[in-house]
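*Asks:* need a 3D model of the following:
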Amino acid sequence: MDGNVERAAGLLAAGANVHSTHDRGYTVFMSAVSSPERSIDMMQLIIGAGGNPHAVTELGWNAFHAAVDVNGYEANTEESVRSTLEFLHRLGVDTNHRNIHNVTPLMHARAFGTPTVVQILQELGAR
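*Replies:* Numbering: from 1, shown residues only. Got it, this is the predicted structure:
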């Protein structure tokens, strides 16, 4: 969560489980995507170690849901938000995935996120 790629690589080399989950299936990759210190390097490290960017939680959240900065708190710069969401899009993560409450990432962003996230999701074709 602190964004230190070298430390994360050391943990993985020491046997940390990249498939560990918490909070009803929230993955290590989702934690990296939602971190205030998120970076593409960290996401690539996790994927390279076998993390699944397409995983879905028990509540139906995917990585796009996780990437939404919530409660009006802009955790990252526009550049960070854009690079993260565009990276997920290039990976083929579903921008229109519906969770168990039938909520898409864009719907989640409109209700709880920031205008920056909403704008970028729309640019990526989210509905």
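
*Asks:* the lengthiest helix in the chain: which residues count as buried?
*Replies:* Ranked by number of residues, the top helix in the chain under DSSP state H is helix 78-91. Neighbour counts over helix 78-91 (16 or more other C-beta atoms under 10 Å) mark 80-85, 87-89 as buried. In short, each C-beta sits where N, CA and C put it, glycine included.

*Asks:* remind me what that helix packs against, helices and strands.
*Replies:* helix 40-48, helix 63-67, helix 115-123 (3 or more C-beta pairs under 8 Å, 6 or more residues apart in numbering; DSSP states H and E).

*Asks:* could you redo the last one with a cut-off of 6 Å?
*Replies:* helix 63-67, helix 115-123 (3 or more C-beta pairs under 6 Å, 6 or more residues apart in numbering; DSSP states H and E).

*Asks:* who are the packing partners of whatever helix or strand comes next after it?
*Replies:* Note on helix 78-91: by DSSP states H and E, the next helix or strand toward the C-terminus is helix 105-112. Counting contacts by 3+ C-beta pairs under 6 Å, 6+ apart, helix 105-112 packs against helix 63-67, helix 115-123.
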